[in-house]
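Undergrad: here is my input; please provide its structure:
(2 chains)
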Amino acid sequence: DMKVTQMPRYLIKRMGENVLLECGQDMSHETMYWYRQDPGLGLQLIYISYDVDSNSEGDIPKGYRVSRKKREHFSLILDSAKTNQTSVYFCASIRDRNQAPLFGEGTRLSVL
Amino acid sequence: GEQVEQRPPHLSVREGDSAVITCTYTDPNSYYFFWYKQEPGASLQLLMKVFSSTEINEGQGFTVLLNKKDKRLSLNLTAAHPGDSAAYFCAVSANSNYQLIWGSGTKLIIKP
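TA: Residues are numbered from 1 along each chain as shown, chains lettered A, B, ... in the order given. A predicted model of the protein is given here:
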């Protein structure tokens, strides 16, 4: 069953703590995305990864970094989290550009 | 670069009525178009993907129209029912890359 899995689903952190959000897919998709969605708003692209160690900044990369050491896994890291990074984070993957991105269930992050 | 404008941001219709959501885009090289549905607190689910070679696509209870001349993509829900209450997002992709440009979303409410 094709699926994008995000862990954890919910996370509460204190300001200044480090945060690791993980995303996995079992479809060998080369391209993966990290998006952020604030309440009532649309998606903002943080990073896009075209394959292992081939990552590009999206529209709002500041305060975030990513890691992709295996094709199946794409991590989003917040070093010293800030309260304005409280949001819902979605990971997605895509096989080809003519296919629709498949989204994970999201991680709801609260930074207090 | 590509810009996508989605209208309206909020839409309320009565059960059984139709609802129309429109996205206009700027890049004439846009080739792939997607509509997603997001129920409250949930992830994004693909409703339909459209290629620029097709103009009308029908799904279960909705129709997607692509007007390439006017660079307009529309989602028409016929006979809306309570289960259609959700946020809807369009996304547009050029043929040359994997970057999608997202509309800002439409929050649709179906009133009994």
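Undergrad: list the buried residues for stretch A:44-61?
TA: Neighbour counts using 16 or more other Cβ atoms under 10 Å in any protein chain shown place A:45-49, A:55, A:58, A:61 of stretch A:44-61 among the buried residues. Bear in mind the C-beta positions are built from the backbone N, C-alpha and C, glycine included.
Undergrad: who is residue B:101 paired with across the strands?
TA: Bridge pairing for residue B:101 (DSSP bridges) gives the partners residue B:92.
Undergrad: any chance of TSV for the buried residues of stretch A:44-61, columns pLDDT?
TA: Formatted as TSV, those follow (pLDDT from 0 to 100):
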residue	pLDDT
A:45	95
A:46	97
A:47	97
A:48	95
A:49	96
A:55	97
A:58	94
A:61	97
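Undergrad: nearest to residue B:62 among those residues?
TA: Comparing the buried residues of stretch A:44-61 against residue B:62 with Cβ to Cβ places residue A:45 closest, at 26.4 Å.
Undergrad: how close does the closest one get to residue A:66?
TA: 12 Å (Cβ to Cβ, to the nearest Å).
Undergrad: return the residues of chain B in contact with chain A.
TA: B:32, B:34, B:42-46, B:49, B:51, B:89, B:91, B:93, B:95, B:97-100, B:102-105, B:107 (Cβ under 8 Å from any Cβ of the partner chain).
Undergrad: list only buried entries from those residues.
TA: Neighbour-count burial (16+ other Cβ under 10 Å) is assigned, among the residues of chain B next to chain A, to B:32, B:34, B:43-44, B:49, B:89, B:91, B:93, B:98-100, B:102-103, B:105, B:107.
Undergrad: ok, which pair from these is furthest apart?
TA: B:98 and B:107 (27.5 Å).
Undergrad: quick one: low-confidence residue ranges for chain B.
TA: For chain B, the stretches with pLDDT under 70 are B:53-54, B:95-96.
Undergrad: sketch out the strands for it, chain order is fine.
TA: In chain B, the strands defined using DSSP state E lie at B:4-7, B:10-14, B:19-25, B:30-38, B:44-51, B:56-58, B:62-67, B:72-77, B:86-94, B:100-102, B:106-111.
Undergrad: deepest of the ones you listed, which one?
TA: strand B:86-94 (a mean of 24; mean count of other Cβ atoms under 10 Å in any protein chain shown).
Undergrad: need the residue closest to the centroid of chain A.
TA: Among the residues of chain A, the one closest to the centroid is residue A:34, at 3.2 Å (Cα atoms, centre = their mean).
Undergrad: my read: that one touches residue A:23, true?
TA: Yes. Here residue A:34 lies in contact with residue A:23, judged by Cβ atoms under 8 Å, at a distance of 7.3 Å.
Undergrad: residue A:11: neighbouring residues, count only.
TA: With neighbours defined by other Cβ atoms under 10 Å in any protein chain shown, the count for residue A:11 comes to 16.
Undergrad: what residues are bridge-paired with it?
TA: residue A:109.
Undergrad: which residues touch it?
TA: A:19, A:21, A:107-110 (Cβ atoms under 8 Å, 6 or more residues apart in numbering or on different chains).
Undergrad: ok, now residue A:17?
TA: Counting by Cβ under 8 Å, 6+ apart, residue A:17 touches A:80-81, A:111.
Undergrad: can you lay out those residues as TSV showing neighbour count and secondary structure?
TA: Output for these, formatted as TSV (neighbours: other Cβ atoms under 10 Å in any protein chain shown; DSSP: H, G, I helix; E, B strand; the rest coil):
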residue	neighbour count	secondary structure
A:80	11	coil
A:81	22	coil
A:111	19	strand
